[in-house]
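> coordinates for the following, if possible.
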Amino acid sequence: MRPVLPRNHSLLGQMPRLGALATAGLALAIAFVASPAAADPPVGEDFNLGDASNWEQVDPLAGIFGPTSFGVVDKRYRITTQPLPPVTALIGAAARFDPSTATPSSYADGVVRAVIRMHNSSTNAGIVVRNSPDRSAPSGSDGYFFFLANAQVPKSIGIADFAASGGNLTATSYPLTANTDYLVEGRFIGDQLSLKVWPLGSPEPAVPQVTLTNAQYQAGAIGAVVYNLPSTLGGTGGALDASFDDLTFTPVGSTLIDDFTTTLDAWLPVGLTRLEVDRTIVDGRAVISSEAVAAAGDVSLLVYTESTSNPTLFTQGSLRASINVVDSNALLLARGSFAGTGYVVSFRPTDGALILARSDSFQSQTVLVSAVTPYGSGQDLVLELSTVGSVISANVRAANEPASAATVIAVIDGTYAEGGFALGVDGPAVIDRPAPLHVEFGDVWFTPFVSVADLNDDGVVDGADLGILLGNWGGGGVGDLNGDGIVDGADLGILLSSWS
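Down below sits the predicted model:
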């Protein structure tokens, strides 16, 4: 099997022109945290650990309007300020950024999501994308700003230019209210930008409310911003107070399977049924729990129904989910069937074991490889299972750690070639006492893998890719699959061996 690589989906004038405000007494308070590499989607923070130590805070005009507070409160990242008179403005921000600026393209194209709550009627908030690393400027540097104008009249959502000379690019009215959780999704792919906003727990809009074509900014950081405006721009006085939760970035190519903000209707429970199993959503997580387990091997699996309609859809790629496990084991199943066959990775909190197995049924598994990890019960973790050809791999890491900290295991096995996937809970066979099942699953993602020979990125290696390679025969660049500087017979052999 050839190597594979992930491929990285109006009312103007209501937002501030940030440069003008900087000279009129604009204060900034900014926090940044390092980003993983672009090939490691998704990047996220749910703040459930109550830890914001990775966030770098920058406040160029500290103290002018009183202190700004940054920190995790009730598992949310919250920014608050002192009350402001209506003739001034203050901006506070918490942003993800790679301080080394070595990989500014990490956030070039993708989708950013966050839950935003504005705790009073004088607060506006939003998300910055493609923000530059120059955060020392009072203007707030630059980038695109997906904003929620809760304190303005009329209330609106839109996309603004975050530069010193910036302002609204496009907006539309929206009935925002204080103390309401909103899911905000900003999509930016090339010069196409869009924004969706909807109350948490309500159905997601079918289409974005705001769209824009603009090529001003190409790459940069992600931020979460709190702001207000002077009265001349429709702002109000009062303190700023907003919080951010479940902030994620997903490069192009990854798919959010479920963020569990509404229902579990898309999931079908299958497996052994000796237990009464409860499946609920609590605070944006799917919670699977049961009565005490008296016998080993009791299993409840949730199978995503879409995967059964196209068994090849999820066979080449990486399935990732956030988990929090108590006494039972958390499972991910890939290339699976309703009979329980496929590849399974499980995390066992009693001893921190990460186990990769081949499952021939619900009750028959063959352990292929395992490792002991430093993680345990009650931790927020990220569990991942990848299937690429006959290479089966898995890893686990703490939710607040970079991907480089993950414990990784891998094996070569060609038993199962395709199938669906599932999230699961396994009765704890290694626990020597009766215990209940309890596993929480957060956001679930799938990132497809595409062969390096797929030169036009259409998901298959076929005649179109062959035409591209032959058209560049004898040259370099596109079609040079082995990286030796020339497109020749060796590259043709690689392409033909990867033919779909």
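> how close does residue 184 sit to residue 257?
Per CB to CB, to the nearest Å, residue 184 is found 19 Å from residue 257. For glycine as for every other residue, the C-beta is placed from the backbone atoms N, C-alpha and C.
> same check on residue 195?
Going from residue 195 to residue 257 by CB to CB gives 22 Å.
> more neighbours, these two?
Taking neighbours as other CB atoms under 10 Å, residue 195 and residue 257 compare with residue 195 leading, 27 against 21.
> right, and that one touches residue 157 too?
Yes: under the criterion of CB atoms under 8 Å, residue 195 makes contact with residue 157 at 6.3 Å.
> which neighbours do these two share?
Residues touching both residue 195 and residue 157 (CB atoms under 8 Å, 6 or more residues apart in numbering): 146, 209, 210.
> want to throw these into CSV with pLDDT, neighbour count and distance to residue 163?
Formatted as CSV, the shared contacts of residue 195 and residue 157 follow (pLDDT from 0 to 100; neighbours: other CB atoms under 10 Å; distance: CB to CB, whole Å):
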residue, pLDDT, neighbour count, distance to residue 163
146, 96, 28, 15
209, 95, 17, 23
210, 94, 22, 19
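> and which of these is nearest residue 216?
residue 146 (14.4 Å; CB to CB).
> how about residues contacting the helix or strand containing that closest one?
Using DSSP states H and E, the element containing residue 146 is strand 144-149. If you take CB under 8 Å, 6+ apart as the criterion, strand 144-149 is touched by 14-15, 112, 116, 118, 124-130, 155-162, 166, 169, 171, 174, 176, 182, 184, 186, 188, 193, 195, 197, 214, 216-217, 225, 227.
> so how far is the next helix or strand along the chain from it from its chain's centroid?
Using DSSP H and E, the next helix or strand after strand 144-149 towards the C-terminus is strand 156-161. How far strand 156-161 lies from its chain's middle: 22 Å, per CA atoms, centre = their mean, to the nearest Å.
> related to what we said a few turns ago, can you give me the angle the strand holding residue 146 makes with strand 156-161?
Put simply, strand 144-149 runs at 150 degrees to strand 156-161, going by axes from the mean of the first three to the mean of the last three CA atoms, to 10 degrees.
> helices of this structure, start to end?
For the chain, helices defined by DSSP state H occupy the ranges 18-22, 306-309, 463-471, 489-497.
> list the buried residues of the third one.
Same thing as helix 463-471. 465, 466, 469 (16 or more other CB atoms under 10 Å).
> which stretches of the stretch 251-400 of the chain aren't confidently modelled?
Scanning the stretch 251-400 of the chain for pLDDT under 70 picks out the ranges 253, 271-276, 291-313, 400.
> please disregard the earlier target; I meant the stretch 401-500 of the chain.
402, 427-435, 450, 457-459, 500.
> contacting residues for residue 78?
Taking CB under 8 Å, 6+ apart, we find residue 78 in contact with 69, 70, 71, 72, 241, 242, 243, 244.
> ok, those vs residue 396, which is closest?
Closest to residue 396, out of all of these and judged by CB to CB, is residue 72, at 22.9 Å.
> how near is that closest one to residue 246?
For residue 72, the distance to residue 246 equals 13 Å [CB to CB].
> do the same with residue 127
Separation of residue 127 from residue 246 (CB to CB): 12 Å.
> got it, and residue 323?
Distance check for residue 323 against residue 246: by CB to CB, it reads 15 Å.
> residue 414: what's its closest spatial neighbour, skipping adjacent residues?
Spatial nearest neighbour of residue 414, chain neighbours left out: residue 390 (4.1 Å); criterion: CB to CB, 6 or more residues apart in numbering.
> gap between residue 394 and residue 317?
Note on residue 394: its distance to residue 317, by CB to CB, is 13 Å.
> joint contacts of those two?
Each of residue 386 lies in contact with both residue 394 and residue 317 under the rule CB under 8 Å, 6+ apart.
> quick one: which of these two has more around it?
residue 394 (32 against 24).
> my guess is the more buried one contacts residue 353, does it?
No: with contact defined as CB under 8 Å, residue 394 and residue 353 do not form a contacting pair (11.7 Å).
> tell me the phi and psi of residue 191?
In terms of degrees, to the nearest 10, the main-chain angles of residue 191 are phi -100, psi 10.
> can you tell me, leaving aside adjacent residues, what's nearest to it?
Of all residues not flanking residue 191 in the chain, residue 215 sits nearest, at 4.0 Å (CB to CB, 6+ apart).
> how about residue 357?
With CB to CB, 6+ apart as the criterion, residue 357 has its nearest non-adjacent residue at 4.4 Å, and that residue is residue 365.
> for the chain, which strand is longest?
strand 435-451 (DSSP state E).
> partner residues bridging residue 76?
Beta bridges link residue 76 to residue 73 when assigned by DSSP bridges.
> quick one: contacts for it?
By CB under 8 Å, 6+ apart, the contact set of residue 76 is 47, 117, 243, 244, 245.
> same check on residue 438?
Counting by CB under 8 Å, 6+ apart, residue 438 touches 287, 288, 289, 290, 325, 326, 327, 328.
> does residue 229 really touch residue 160, like I thought?
No: contact between residue 229 and residue 160 fails when scored by CB under 8 Å: they sit 11.8 Å apart.
> tell me how far residue 227 lies from residue 221.
Counting by CB to CB, the gap from residue 227 to residue 221 is 17 Å.
> ah, wrong one, I meant residue 414
To residue 221, residue 414 is 42 Å away according to CB to CB.
> so for those two, which residue has more residues nearby?
Using other CB under 10 Å, the more surrounded residue of residue 414 and residue 221 is residue 221, with 26 against 10.
> please tell me how far that one sits from residue 340.
Using CB to CB, residue 221 is found at 44 Å from residue 340.
> if we can go back for a sec, list the residues that are in contact with both of residue 127 and residue 246.
Contact criterion CB under 8 Å, 6+ apart; residues shared by residue 127 and residue 246: residue 114.
> between the two, which one's more packed in?
Taking other CB under 10 Å, residue 127 and residue 246 do not tie; residue 127 has more neighbours (28 against 25).
> partner residues bridging that one?
Beta-bridge partners, per DSSP bridges, of residue 127: residue 146, residue 224.
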